[in-house]
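# Have a look at this prediction, sequence included:
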Amino acid sequence: MCIESRRHKLADNYIASLDIGTTSTRVVVGEFNEEDNLEITGVGVAPSTGLRRGVVLNIEATLNAVSASVDAAELMSGCEIHDVVLGLSGANVDSLNSRGVVAVAGKGREITSEDIARVHEAARAVSIPMDREILHVIPRTYMVDTQDNIHDPLHMIGVRLEADVHIITGAVTTTQNLEKCVTRAGYRVEKRILNCYAASRAVLTQEEKDLGCLLMDIGGGTTDLMVFSNGAPVYTCAIPAGGAQVTNDISIMMSILLDNAERLKREAACCWMEAVDPEELIVVPGIGGRDPSEIPRRKLCSIVQPRMEEILLMAKEKLEKSGYLKEIRAGITLTGGTAQMEGVCELAEFIFNVPVHIGLPPVIGGLESEYRNPAFATAVGLVMLAADEMTASASSRGKSFKPGARTRGALKQTSADKSGAGKIWNWLKDKFI
């Protein structure tokens, strides 16, 4: 396949990601330009009311949010969406690490892609409850005979191949209900990817993953954690708490409607008391026809900070129990809508005693101002992961059919072609196949 043909094939495709959150549903559309570069051409956001802590409670409300966000993205991008890459979340996400061992069966003991696939299958042969399913099997490192810490064993020579993998599991019913909402809205789920794994593609660098870091996606209903070490994830979990609990606290403590509490949280909330001026005042809307009132901003901070501190302490406790707290040498990257709250970095640095920063999606092209936001880290990461797979597939096809190139299959047949049996086989293949 020539380069120009490959470009047209990529340029004719689009990628639509769907991130169904507890408070918002987001759609991001990416397309390849004529130079094979990915560009974000459409963004859609709709309020989400059918979920609680990442679990579907109202299918009709959820599919309405899906339809509204997809319609907005279609209007902005100008393309008609039929397939989506679905992001998965929920408080029931868990993980484990496993190891698989196989014998290298290839000719000359050369490790092929089939051997790598077999060792992955061997590693995923673990016992999990009937109500859970495997979402991802992510390779960490490989070992060929006695040589360990290998990241790509393809074409190496060896007798035994081992693989350490990170397995992420989730509840079957949670995934099925999310997929049902999407299909009933009229769209096909092309791929399912865990939200925090997608966000890591968008906001983490390879240096951070190699040194060891924590990705913390603070959403509306859940807080997802993923620890990286030596370039691969080693621990994944979720906490059933997020920004929605902060909104509820504001609504109850200030006796205001949830909508007003959400607006007040986004506009004036701060979870680090030292960053708030003692003299600063904010306006709190009234309820039932009462007039708005002014209160010190520090009073709002005294409501928000304890809840955010509780969420971060729950995350720290999870990491301490798992033994991976010491692995986050490169610090913590915060994403998600709640990560936009003022003072969250200072509070996280105080609790974890490591550097903390807000993770923003990279500049890909197109509508930069629309998606350069930690709330879009998951949706953009879903597009980037799907684009990586599409580009790799197109590149492999281009190498296979490049004029003058010899494939690995051709190299294997060279010695057979010279023999009498090879000539007879070629004659039969030309005449009858």
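Received it, and whenever you're ready, just let me know what you need.

# drop to CA atoms for contacts and neighbour counts, all remaining ones
Will do.

# hey, where'd the helices end up in the stretch 1-150 of the chain?
Counting by DSSP state H, counting those that start in this stretch, the stretch 1-150 of the chain has helices at residues 3-11, 59-77, 113-123.

# what's the closest of the ones you listed to Ala387?
helix 3-11 (9.5 Å; C-alpha to C-alpha).

# rewinding a little: which of the helices of the stretch 1-150 of the chain is buried the deepest?
Among those, helix 59-77 has the highest mean neighbour count (mean count of other C-alpha atoms under 10 Å), at a mean of 21.

# mind exporting that helix as PDB, just the C-alpha atoms?
What follows is helix 59-77 as a C-alpha-only set of coordinates in PDB (Å, rounded to 0.1, in the frame of the first residue of the first chain):
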ATOM      1  CA  ILE A  59     -31.800   4.200  31.400                       C
ATOM      2  CA  GLU A  60     -34.100   6.800  29.700                       C
ATOM      3  CA  ALA A  61     -32.400   9.800  31.300                       C
ATOM      4  CA  THR A  62     -29.000   8.400  30.400                       C
ATOM      5  CA  LEU A  63     -29.800   7.700  26.800                       C
ATOM      6  CA  ASN A  64     -31.300  11.200  26.500                       C
ATOM      7  CA  ALA A  65     -28.000  12.600  27.700                       C
ATOM      8  CA  VAL A  66     -26.100  10.500  25.200                       C
ATOM      9  CA  SER A  67     -28.300  11.600  22.400                       C
ATOM     10  CA  ALA A  68     -28.000  15.300  23.300                       C
ATOM     11  CA  SER A  69     -24.200  15.200  23.600                       C
ATOM     12  CA  VAL A  70     -23.800  13.300  20.400                       C
ATOM     13  CA  ASP A  71     -26.100  15.700  18.500                       C
ATOM     14  CA  ALA A  72     -24.100  18.700  19.800                       C
ATOM     15  CA  ALA A  73     -20.800  17.000  18.600                       C
ATOM     16  CA  GLU A  74     -22.300  16.200  15.200                       C
ATOM     17  CA  LEU A  75     -23.500  19.800  14.800                       C
ATOM     18  CA  MET A  76     -20.000  21.100  15.600                       C
ATOM     19  CA  SER A  77     -18.000  18.500  13.600                       C
END
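
# and for it, what are the contacting residues?
Residues from elsewhere that reach helix 59-77 (C-alpha atoms under 8 Å, 6 or more residues apart in numbering): 18, 20, 25-29, 41-51, 56, 80-81, 177, 181-182, 184-185.

# Kindly report the same for stretch 357-364.
Residues from elsewhere that reach stretch 357-364 (C-alpha under 8 Å, 6+ apart): 38-40, 202-204, 332-335, 339-340, 345, 371-374, 376-377, 380-381.

# gap between the two ends of that stretch?
Distance across stretch 357-364, first residue to last, is 20 Å (C-alpha to C-alpha, to the nearest Å).

# Can you give me the buried ones in it?
Going by neighbour count (16 or more other C-alpha atoms under 10 Å), the buried part of stretch 357-364 is His357, Ile358, Gly359, Leu360, Pro361, Pro362, Ile364.

# try stretch 343-358
For stretch 343-358, a neighbour-count test (16+ other C-alpha under 10 Å) marks Gly343, Val344, Cys345, Glu346, Leu347, Ala348, Phe352, Pro355, Val356, His357, Ile358 as buried.

# Just give me how far that stretch sits from the chain centre.
22 Å (C-alpha atoms, centre = their mean, to the nearest Å).

# Find the helix or strand that Thr391 is a member of.
Here Thr391, judged by DSSP states H and E, is contained in helix 377-400.

# picking that back up, any idea which of the buried residues of stretch 357-364 is least confident?
On pLDDT alone, Ile364 ranks lowest of the buried residues of stretch 357-364, at 84.

# Against Met384, how distant is that residue?
9 Å.

# Which of the contacts of stretch 357-364 fall in strands?
Under the assignment DSSP state E, the contacts of stretch 357-364 contribute Leu38, Glu39, Ile40, Ile332, Thr333, Leu334, Thr335 to strands.
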